[in-house]
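Visitor: build the 3D model from these lines:
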Amino acid sequence: MLTITKATITGAIINTILNAFLIYKIALMGAVIATMISYFVVWLIITYDTNKAMNLSLNISRIVISVILLCVQWWLLVIFESGIVIQIIFLIGIIVLHGRIICGLIRKMIGNVLQKLK
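Guide: Alright, predicted model coming up:
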């Protein structure tokens, strides 16, 4: 519980500070960027503290690629506004990048449902 509180307070402080600067400079887009950065910081804090309690096997390069893909996707959507094709292309990219994990999760969910039905 302490980790979540620490992460939330840190994220709120970062978000407030970044909003003060970025909204003044780039209006609504500044709020979006500030929120994205603060959410990422919250995720980092929670992941770091969780990793101390249990050994998480995180593929950092895959996480970095995913974050970059999401940032590029967001930027392209800002530029091209109506971007259903962009959304589909990036969705396929994320699925390919995380295909094995997604398949494993689907198998587990189906297994759990079948087990409960027995």
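Visitor: I'd like to know which elements the worst-scoring helix or strand of the chain on mean pLDDT is packed against.
Guide: Sorting the helices and strands of the chain by mean pLDDT, DSSP states H and E puts helix 60-80 at the bottom, at a mean of 79. The contact analysis (3 or more CB pairs under 8 Å, 6 or more residues apart in numbering; DSSP states H and E) places helix 60-80 against helix 28-53, helix 84-97. Where you see a C-beta, it was placed from the backbone N, CA and C, and this is true even at glycine.
Visitor: mind putting those helices into JSON lines with mean neighbour count?
Guide: Shown next, in JSON lines, are the helices and strands packed on helix 60-80 (neighbours: other CB atoms under 10 Å):
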{"stretch": "helix 28-53", "mean neighbour count": "15"}
{"stretch": "helix 84-97", "mean neighbour count": "12"}
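Visitor: is it possible to get TSV of these that adds distance to Ile4 and mean pLDDT?
Guide: Listed next are the helices and strands packed on helix 60-80 as TSV, based on distance: least, CB to CB, whole Å; pLDDT from 0 to 100:
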stretch	distance to Ile4	mean pLDDT
helix 28-53	7	86
helix 84-97	26	83
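Visitor: between these, which gets nearest to Gln73?
Guide: Set against Gln73 and scored by CB to CB, the helices and strands packed on helix 60-80 come closest in helix 84-97, at 4.2 Å.
Visitor: contacts for that closest one, please.
Guide: Outside helix 84-97, the residues that touch it by CB atoms under 8 Å, 6 or more residues apart in numbering are Arg62, Ile65, Ser66, Leu69, Leu70, Val72, Gln73, Leu76, Leu77, Phe80, Ile102.
Visitor: can you flag the buried ones in these?
Guide: Among these, those classed as buried by neighbour count (16 or more other CB atoms under 10 Å) are Gln73.
Visitor: Ile37 contacts Ile14, correct?
Guide: Yes - in this structure, Ile37 is within contact of Ile14 by CB atoms under 8 Å, at 6.7 Å.
Visitor: can you redo the helices and strands packed on helix 60-80 as TSV with distance to Asn112?
Guide: Shown next, in TSV, are these (distance: least, CB to CB, whole Å):
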stretch	distance to Asn112
helix 28-53	22
helix 84-97	22
